[in-house]
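Trainee: Sequence first, then the predicted structure:
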Amino acid sequence: MGHPGPVRVRRFERRGKKVVATLEPEEVQLLASLVQQLIDLLADSEPEPAAPPPAAADPDDPFALWERDLQAEPDQPEEPDDPVLQRLFPNAYPHDARASSDFRRFTEREARAAKIAAARLVLEHLAATRDGRHPVKVPLTEVDAWLKTLNNLRLSIAARLRITDAETAEELGQLPDDDPRAFMYGVYEWLAFAQETLVNSL
């Protein structure tokens, strides 16, 4: 995700029923690239669809009943290995593996679809700027998609940079410019500022 040059800070401002920001072409390209990578990661790691419900078993056949019960209990979803996905879909019950797995089974597909839908909406708004030739304009009714996507991007970058608290973030802020992590930390801070100004503009 390396990208040359600094990332400038752009402020979102309220204008009527929209929130507007002027972005440089490289900022639009960088943000669109990050959002597309997020969509690809979420789509590529989507769990397989649940199997159809088993057919009714013959009540007089105990083996058929056992088979039906086994089929009714699908494989339990496991916590993902990718630290980004772990951050985007945190373990709801870290001390109860079964409860955590059940929570993932019943909620993760819907949560994943919601994140992808929000990210795609952000991409549409960015595409409408024609590579920064026009300001990005976000209707107030669609600001939530931006807030969620910016937050998901920050969580993703934090996972890659291993930011776990304010102390580790501060250490990264002291990195020299030639450290490859310095640029991504700058993007992380820029996303935080964008989130803040977006909220304050409402």
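Mentor: Perfect, I can see it now.

Trainee: And stretch 158-174, what's buried?
Mentor: When burial is assessed from 16 or more other CB atoms under 10 Å, stretch 158-174 yields the following buried residues: 158-161, 163, 169, 172. C-beta: built from backbone N, CA, C; applies to glycine.

Trainee: how about residue 147, what does it touch?
Mentor: Shown in contact with residue 147 (CB atoms under 8 Å, 6 or more residues apart in numbering): 195, 198-199.

Trainee: So which of those residues is surrounded by the most neighbours?
Mentor: Within those, most neighbours by other CB atoms under 10 Å means residue 198, with 20 neighbours.

Trainee: quick one: buried residues of the helix or strand where that one lies?
Mentor: Assigned by DSSP states H and E, residue 198 belongs to helix 180-201. Within helix 180-201, the residues that qualify as buried are 183-191, 194-195, 197-198, 201, counting by 16+ other CB under 10 Å.

Trainee: Just give me the closest of those to residue 33.
Mentor: Using CB to CB, residue 187 comes nearest to residue 33 of the buried residues of helix 180-201, at 10.6 Å.

Trainee: for the residue nearest in space to the middle of the chain, what are its contacts?
Mentor: In the chain, the residue lying closest to the centroid (CA atoms, centre = their mean) is residue 152, at 3.5 Å. Counting by CB under 8 Å, 6+ apart, residue 152 touches 38, 88, 115, 118-119.

Trainee: Could you tell me which of the residues you listed belong to helices?
Mentor: 38, 88, 115, 118-119 (DSSP state H).

Trainee: where's the dip in pLDDT among those residues?
Mentor: Looking at the ones in helices among the contacts of residue 152 by pLDDT, the weakest one is residue 88, with 92.

Trainee: coming back round to it: okay, the buried residues of helix 180-201 in JSON lines with distance to residue 82 and pLDDT next?
Mentor: Formatted as JSON lines, these follow (distance: CB to CB, whole Å; pLDDT from 0 to 100):
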{"residue": "183", "distance to residue 82": "21", "pLDDT": "92"}
{"residue": "184", "distance to residue 82": "17", "pLDDT": "93"}
{"residue": "185", "distance to residue 82": "20", "pLDDT": "94"}
{"residue": "186", "distance to residue 82": "23", "pLDDT": "93"}
{"residue": "187", "distance to residue 82": "19", "pLDDT": "93"}
{"residue": "188", "distance to residue 82": "18", "pLDDT": "94"}
{"residue": "189", "distance to residue 82": "23", "pLDDT": "93"}
{"residue": "190", "distance to residue 82": "23", "pLDDT": "91"}
{"residue": "191", "distance to residue 82": "20", "pLDDT": "93"}
{"residue": "194", "distance to residue 82": "25", "pLDDT": "91"}
{"residue": "195", "distance to residue 82": "23", "pLDDT": "92"}
{"residue": "197", "distance to residue 82": "30", "pLDDT": "91"}
{"residue": "198", "distance to residue 82": "27", "pLDDT": "93"}
{"residue": "201", "distance to residue 82": "33", "pLDDT": "90"}
